[in-house]
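Undergrad: A predicted structure for the sequence below; I have some questions about it.
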Amino acid sequence: MLDVDPATLALEFGGSAVLGGVFGVATKQVAKLVAVIIGVQLMAFRYLESQEILIVDWNRLSAGLIETQAQTQRQASHWFESVLSMLSVGVGFTSGFLIGFQRG
C-alpha cells in the first residue's frame, strides 16, 4: 500500500501555493518593467533611425524573437514532465503563481 501522509501533502501544497503566489506577483511586476524597457528601446531605435543616426535591421531583429519562441516551445514539454513528477508541489505552486500573477 501507499504510505501517504495527508498532513505532509497539505503542507507541501500550502507552502508551494504561497511561494507560487509570491513568484506570480513578482513575475508580473518584472514583466511590466521589461515591457516598458523594450518599448522605450524600440521607440529610441525608431527615432534614431528616422534621424539617420542608426540603421536597424528589423528583419534580423524579429527573426531572433521567432527563434526564441521555437526554443521555448521545445522546452515546455520537458518542464511539464518535471511538474508531473512532483504533483502536490507542482499543483500548489502553479495555482499560487496564477493567483499571484492575476492579483499582482
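TA: On my side now, so go ahead.

Undergrad: count of neighbours near F23?
TA: F23 sits with 16 neighbouring residues when counted by other Cβ atoms under 10 Å. Quick note: C-beta positions are derived from backbone N, CA and C, even for glycine.

Undergrad: same question but for R46, I mixed them up
TA: By the measure other Cβ under 10 Å, the count of residues near R46 is 13.

Undergrad: same thing with K28?
TA: Counted with other Cβ under 10 Å, K28 comes out at 16.

Undergrad: could you say what helices and strands the single longest helix found in the chain packs with?
TA: Scanning the chain for the longest helix, with DSSP state H as the assignment, gives helix 6-50. Applying 3 or more Cβ pairs under 8 Å, 6 or more residues apart in numbering; DSSP states H and E, one finds that helix 6-50 contacts helix 87-103.

Undergrad: one more time with 10 Å, if that's ok
TA: On a contact count with 3 or more Cβ pairs under 10 Å, 6 or more residues apart in numbering; DSSP states H and E, helix 6-50 meets helix 58-85, helix 87-103.

Undergrad: now the last one against helix 6-50, angle please.
TA: Between the axis of helix 87-103 and that of helix 6-50 there is an angle of 40 degrees, by axes from the mean of the first three to the mean of the last three Cα atoms, to 10 degrees.
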